[in-house]
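1. What follows is a protein structure lacking sequence information:
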């Protein structure tokens, strides 16, 4: 009630004030205008009634702004810094390149040993070069005395040679020239104190000359690769024997695509042998083949087509040998298993035979080896990049396979003898090596051949088993050890007696151990010691020819 009374009073006052202001405005507020006296009566009991207000229930609405173009204007101000001439001292930091290790491409070795042995060897070569590779080598190894009759079993081997290669764009040219002189004595006799033998009457001297030129693009990466060579050899001896051989070889390969290739190999040889008789022996061989890769399987098909001018044992002049080979690689680059069959014609020269057996008799008859049929299989394996294994087994048929037997007229010399029919050979070969960095290397080789001759009573001077074990150890690049232990089984030779009879002799079983050690004082000087045939056995590799006992040799090496 009090609130209502207050509102009513306020309304009365406002009404009276509003009326008064209207009258005053009507009369004017001029200068001289005065407010007249008036009496105001306030009725306290008056009831003021207000009219009922109308209520608008419509929601309050805000009109949407009109859409129009709104252009945004950007102002770009160009601020420029004052130019300053600043001299900056800058240095680019680089990594120092490692210096190339100094190469010692040349060395000279010299040593002395028992049996009056002299050892000289020199090797000279150019240093690093991307354009050419050339060098020369010399060697001399001799013993003034031997195992039988002192100087009558002396030996001397000397050689000198030069070689070089020139690297062109996609092409390599090379050449080699060698000369060698080998001096031996026919000491395969029983010394007699009553009868002295002049060593000049039993000496044998071989002069060897060889020249070769090569041309290939093996490193060019071209689809067609080739390697051609032309070589000539000359040999003569103390008994006016001579042999001249001019030969050429070609190896080609054309890659058809990534999995197949076609190859053609060819060899020719024109040989003249002069002894008591003059003989011409020509040789031609062509070997085409096709290779195809089927995932892990590699197939090779081809043939050997060969011609020989030999007439010994009615040698077949024209020969064709089909060949096939299948290789499976179950573990890429680590294991390969292969098998195949084929045949071949192998060139034989006096140049090579006299290196194998220097006590050949004059007027020997030489023939090429005809391998009519060979069936083989084998494997190659790499284990952890340290161990490498190779194994092979083959059954072979040979015609004109040569054997050495003591000459009937002179048992100190050897003739070449042949099996009139077919010689069957069962061959097992195994090789293994362990390489640990450049410090330790151990290897094993074994070659077993079981010969089945047609009319020869024995495979003369061809042992069944030949094997070797070798090892090298590099001790902190200061001391280098080398060792080799090899085993050669016994073989046979038939000896003619003065009374006209003969006897079959068996050679010794050979077990030989060789050791060598090099100690590097500086990068230039090294001393070495070699010990051969440490067991000291004077074994016979050929009947009537014992070897030297333990042979010690020591010397120094200078590298520059």
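-> Ah, there it is. Note that the structure is a prediction, hence the values are computed from the model and not measured. Numbering: from 1, shown residues only.
2. longest strand of this structure?
-> When the chain is parsed with DSSP state E, its longest strand is strand 278-294.
3. Report the mean confidence score over that one.
-> Model confidence over strand 278-294, given as mean pLDDT, is 96.
4. which element follows it toward the C-terminus?
-> For strand 278-294, the succeeding helix or strand toward the C-terminus, using DSSP states H and E, is strand 297-308.
5. contacting residues around that following strand?
-> Contact partners of strand 297-308, identified using C-beta atoms under 8 Å, 6 or more residues apart in numbering, comprise 263, 281-292, 315, 317-329, 340, 342-345, 368, 370. All C-beta atoms are positioned from the backbone trio N, CA, C, and that covers glycine.
6. Just checking: what are the partner strands of that strand?
-> Strand 297-308 pairs in its sheet with strand 278-294 (antiparallel), strand 318-331 (antiparallel), by DSSP bridges.
7. Can I get these in JSON lines including mean neighbour count and distance to residue 550?
-> Formatted as JSON lines, the strands paired with strand 297-308 follow (neighbours: other C-beta atoms under 10 Å; distance: least, C-beta to C-beta, whole Å):
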{"stretch": "strand 278-294", "mean neighbour count": "16", "distance to residue 550": "42"}
{"stretch": "strand 318-331", "mean neighbour count": "15", "distance to residue 550": "46"}
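8. now those in JSON lines, with distance to residue 223?
-> Formatted as JSON lines, the strands paired with strand 297-308 follow (distance: least, C-beta to C-beta, whole Å):
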{"stretch": "strand 278-294", "distance to residue 223": "14"}
{"stretch": "strand 318-331", "distance to residue 223": "22"}
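9. Tell me which of those strands lies nearest to residue 460.
-> Checking those against residue 460 by C-beta to C-beta gives strand 278-294 as the closest, at 23.1 Å.
10. can you list the residues that contact the closest one?
-> By C-beta under 8 Å, 6+ apart, the surrounding residues in contact with strand 278-294 are 259-273, 298-310, 323, 345, 347, 366, 368.
11. Select only the buried ones of those in PyMOL?
-> Applying 16 or more other C-beta atoms under 10 Å to the contacts of strand 278-294, the buried members can be selected in PyMOL as follows:
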select buried, resi 261+263+265+266+267+268+269+270+271+273+298+300+302+303+304+305+306+308+309+310+323+345+347+366+368
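12. Low-confidence ranges, this protein, go.
-> For the chain, applying pLDDT under 70 flags the ranges 1-102, 194.
13. Try it again at 80.
-> Within the chain, the ranges that satisfy pLDDT under 80 run 1-105, 193-194, 220-221, 437-438.
14. quick one, what contacts residue 531?
-> Here residue 531 is in contact with 514, 515, 516, 550, 551, 552, 553 (criterion: C-beta under 8 Å, 6+ apart).
15. again, only this time at 10 Å
-> Contact analysis of residue 531 by C-beta atoms under 10 Å, 6 or more residues apart in numbering lists 113, 483, 513, 514, 515, 516, 517, 550, 551, 552, 553, 554.
16. do the same with residue 412
-> Neighbours of residue 412 in contact, by C-beta under 10 Å, 6+ apart: 185, 186, 187, 188, 189, 202, 359, 361, 406, 543, 544, 545.
17. Which of the residues you listed fall within helices?
-> Members of the contacts of residue 412 lying in helices (criterion: DSSP state H): none.
18. Go through these and name the one nearest residue 478.
-> For the contacts of residue 412, the nearest to residue 478 is residue 545 (40.0 Å; C-beta to C-beta).
19. Residue 505 is in contact with the closest one, correct?
-> No: contact status for residue 545 versus residue 505: not in contact, 11.6 Å apart, counting by C-beta atoms under 10 Å.
20. Against residue 517, how distant is residue 375?
-> For residue 375, the distance to residue 517 (C-beta to C-beta, to the nearest Å) stands at 45 Å.
21. So for those two, which sits in the more crowded spot?
-> For residue 375 versus residue 517, neighbours defined as other C-beta atoms under 10 Å are more numerous around residue 517 (17 against 13).
22. dump the residue contacts of that one.
-> If you count contacts by C-beta under 10 Å, 6+ apart, residue 517 has them with 473, 475, 479-483, 527-531, 554.
23. As JSON lines, those residues with distance to residue 107 would be great.
-> Formatted as JSON lines, the contacts of residue 517 follow (distance: C-beta to C-beta, whole Å):
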{"residue": "473", "distance to residue 107": "21"}
{"residue": "475", "distance to residue 107": "20"}
{"residue": "479", "distance to residue 107": "17"}
{"residue": "480", "distance to residue 107": "14"}
{"residue": "481", "distance to residue 107": "19"}
{"residue": "482", "distance to residue 107": "16"}
{"residue": "483", "distance to residue 107": "22"}
{"residue": "527", "distance to residue 107": "13"}
{"residue": "528", "distance to residue 107": "11"}
{"residue": "529", "distance to residue 107": "17"}
{"residue": "530", "distance to residue 107": "16"}
{"residue": "531", "distance to residue 107": "21"}
{"residue": "554", "distance to residue 107": "16"}
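24. Buried subset of those residues as a PyMOL selection?
-> Buried residues within the contacts of residue 517, by 16+ other C-beta under 10 Å, are selected in PyMOL with:
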select buried, resi 480+482+483+528+530+531
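25. Sitting in strands, which of the contacts of residue 517 do you find?
-> Residues of the contacts of residue 517 located in strands (DSSP E): 473, 475, 479-483, 527-531, 554.
26. Of the residues you listed, just say which sits nearest to residue 180.
-> residue 530 (21.5 Å).
27. was I right about the closest one contacting residue 121?
-> No: the criterion here is C-beta under 10 Å, and residue 530 misses it with residue 121 at 11.9 Å.
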